[in-house]
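Colleague: Kindly return the folded structure for what I paste below:
(chains A and B)
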2 protein chains.
Amino acid sequence: MKMLKDPEHQVAGHMAKDGRLGPLVDGEGRFFKPFQSNGRGENEAKFYESFSSNKNVPDHIRGYFPVYHGTQVVEASNGSGKLPHIVLDDVVYGYPNPSGMDVKIGSRTWYPGVSQQYFNQCLKNDRETTSVSLGFRHAGFKIFDHQESRFWIVEYKVVHGYKVDDARLVLRKFVSSNSLADSIPDCAFASEVYGSSSGILAQLLELKAWFETQTLYHFSSCSVYMFYENESILMKGGEGARAQVKLVDFTHVLDGNGVVDHNFLGGLSSFIKFIQDILES
Amino acid sequence: MKMLKDPEHQVAGHMAKDGRLGPLVDGEGRFFKPFQSNGRGENEAKFYESFSSNKNVPDHIRGYFPVYHGTQVVEASNGSGKLPHIVLDDVVYGYPNPSGMDVKIGSRTWYPGVSQQYFNQCLKNDRETTSVSLGFRHAGFKIFDHQESRFWIVEYKVVHGYKVDDARLVLRKFVSSNSLADSIPDCAFASEVYGSSSGILAQLLELKAWFETQTLYHFSSCSVYMFYENESILMKGGEGARAQVKLVDFTHVLDGNGVVDHNFLGGLSSFIKFIQDILES
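Modeller: Sure, this is the predicted structure:
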């Protein structure tokens, strides 16, 4: 196996920085996510095992999830020794310059049966962020600034404090070509990234159609990760953008028990309306 | 004006019984709902005023709401003197023997800005009932037992304690012709009441389509009230059932502020899946 290294394009979650544990990539298309603590890593691996062998998941839906390659014990990013990692396709492999955005879906991140402490922490976060009001919250992003030729990243703490207007604005900045310091994003790439027949909106609507009937899993604290390639968008338009939606973060997936995941579905519907509003404006 | 009297077919909410304040009907098609305390009556009247004059509400959606006829001060049901009432169409007027069911939609009945006390009370109720797990909870019903030739009513306290299986079972009993004491409801009327082209499912799907784009109102603590006529269903089938869906209880409606009502939409989608499951089984 090749040397593992820090991923360049991670936008949210536990990042390998300043000695903290984070994911790794092998530079050949694989992503290594270290098991998270308190059983969350085991839960996530269990979900991937279940999902990847579940014959009730339609093929066109499978494409919205990172491909799973089992677990593997490798040297951790922070040098703390060998640790188990979930091995996945590196979804941005082959994207030299991707803009990416991680949006946690659902107005509620707690679920029945959690500890009082976890319940309190989730409820506090849900109320402090836009989760309760919008049904989703921004968890992080990395947007290429075409004027400055560099990525624009906002600290987690700042993103956590986003209000409705910030949430709307950053979704416009995500697809704009003018300087991100400008207060009015031009949304130059909106139709290519969000709108084209294979764009973000079409993918989100396909996912939503599945969520209206699927009762296999409840995706608590799960994110929509969307990304596209900046190098080719200016030359090739929508096709060059290769815009994609993936669901990520499955440390809190539960058995659906025959019930629709109304928390995820409601939040996803709200998020979709935000994207539609940008396309219509 | 004719003498007002207690309505025969109310299934949930504040009932006029044992000297308590409740709604009244005039026996000619009008329903009088006394203003609820703590400003809730004013809120509800304000909603009806706004809704009935709102040109952005499509006509086919208006039919899912009781027609509003302003407010009127009349003698209260409990003899406590004259009180303001909201005057509405009596939606079950002309139904001699209706089965009715009130289902509170949404996994969350609190909303940003409420008092700590109201928040605590709502959260407790949402967790104790099926609201959190299913995205809806039963609030009351009155189901005609064709074997016993009488209505089956379950105490509020018992309904409040319903689990997932109870919620599913009572939706089957609602459309069954065998004795409600039987543990296996026959769902004899499912296709007529839930399934026909103008039945409950078709109406719920039409409502849902509106909720996917409407950002005018957020319907906190609002109920789907569904009912049909038993006298004619045996003779005339689906058409005789005259099954209808109405939204009721608007004491906690908020301005939508350009955001989809993801809490209601998610819960409604989950409820719809329960109805679809009955039709498919």
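
Colleague: So what's the residue count around A:Lys55?
Modeller: A:Lys55: 5 surrounding residues under other C-beta atoms under 10 Å in any protein chain shown. (Each C-beta comes from the backbone N, C-alpha and C, glycine too.)

Colleague: Ok, A:Asn178 next?
Modeller: By other C-beta under 10 Å, neighbour count at A:Asn178 equals 15.

Colleague: what's the helix or strand for the residue of the stretch 151-281 of chain A found nearest chain B?
Modeller: Nearest to chain B, among the residues of the stretch 151-281 of chain A, is A:Gly266, at 2.6 Å (C-beta to the nearest C-beta). Using DSSP states H and E, A:Gly266 maps to helix A:262-280.

Colleague: for that helix, packing partners?
Modeller: Counting contacts by 3 or more C-beta pairs under 8 Å, 6 or more residues apart in numbering or on different chains; DSSP states H and E, helix A:262-280 is packed against strand A:98-105, helix A:131-134, strand A:136-145, helix A:164-173, helix A:200-211, strand A:217-219, helix B:262-280.

Colleague: if we can go back for a sec, could you measure from the residue of the stretch 151-281 of chain A closest to chain B over to B:His262?
Modeller: 4 Å (C-beta to C-beta, to the nearest Å).

Colleague: Show me which of the two is the more surrounded one.
Modeller: When A:Gly266 and B:His262 are compared for neighbours, A:Gly266 comes out ahead with 34 against 31, by other C-beta under 10 Å.

Colleague: Verify the contact between the more buried one and A:Ser131 for me.
Modeller: No. With contact defined as C-beta atoms under 8 Å, A:Gly266 does not reach A:Ser131; the gap is 11.2 Å.

Colleague: and for the two, which residues touch both?
Modeller: Residues touching both A:Gly266 and A:Ser131 (C-beta atoms under 8 Å, 6 or more residues apart in numbering or on different chains): A:106-107.

Colleague: Run through the helices of the stretch 51-200 of chain A in chain order.
Modeller: A:59-62, A:116-128, A:131-134, A:156-160, A:164-173, A:190, A:200-211 (DSSP state H, counting those that start in this stretch).

Colleague: which regions of the stretch 101-250 of chain A sit below the pLDDT cut-off?
Modeller: In the predicted model, the stretch 101-250 of chain A carries pLDDT under 70 at residues A:237-238.

Colleague: hmm, 90 instead?
Modeller: The stretch 101-250 of chain A contains residues with pLDDT under 90 at A:146-149, A:153-156, A:178-183, A:196, A:231-240.

Colleague: Distance of A:Glu212 relative to A:Val91?
Modeller: For A:Glu212, the distance to A:Val91 - C-beta to C-beta - is 25 Å.

Colleague: of these two, who's got more company?
Modeller: The neighbour count for A:Glu212 versus A:Val91, taken as other C-beta under 10 Å, is higher for A:Val91 (21 against 17).

Colleague: any idea how far that one is from chain B?
Modeller: 26 Å (C-beta to the nearest C-beta, to the nearest Å).

Colleague: Provide a list of residues in contact with that residue.
Modeller: A:Val91 is in contact with A:31, A:66, A:225, A:227, A:244, A:246, counting by C-beta under 8 Å, 6+ apart.

Colleague: Now the phi/psi pair for it, please.
Modeller: phi -60, psi -30 (degrees, to the nearest 10).

Colleague: so what pLDDT did it get?
Modeller: Model confidence at A:Val91, given as pLDDT, is 96.

Colleague: Next, the angle helix B:262-280 makes with the helix holding A:Gly266.
Modeller: With axes from the mean of the first three to the mean of the last three C-alpha atoms, to 10 degrees defining the directions, helix A:262-280 sits at 120 degrees from helix B:262-280.

Colleague: tally of neighbours for A:Asp89?
Modeller: 15.

Colleague: That one touches A:Arg62, doesn't it?
Modeller: No. Using C-beta under 8 Å, A:Asp89 makes no contact with A:Arg62, being 11.7 Å away.

Colleague: which of the residues in stretch A:120-134 are buried?
Modeller: Within stretch A:120-134, the residues scored as buried using 16 or more other C-beta atoms under 10 Å in any protein chain shown are A:122-123, A:125-126, A:129-134.

Colleague: do the same with stretch A:174-192
Modeller: A:174-177, A:180, A:185, A:187, A:189-190, A:192.

Colleague: on that earlier part again, out of the buried residues of stretch A:120-134, which comes closest to B:Ser196?
Modeller: Using C-beta to C-beta, A:Leu134 comes nearest to B:Ser196 of these, at 36.9 Å.

Colleague: Pretty sure that closest one sits against A:Val164.
Modeller: Yes. Between A:Leu134 and A:Val164 there is a contact under C-beta under 8 Å: 6.4 Å.
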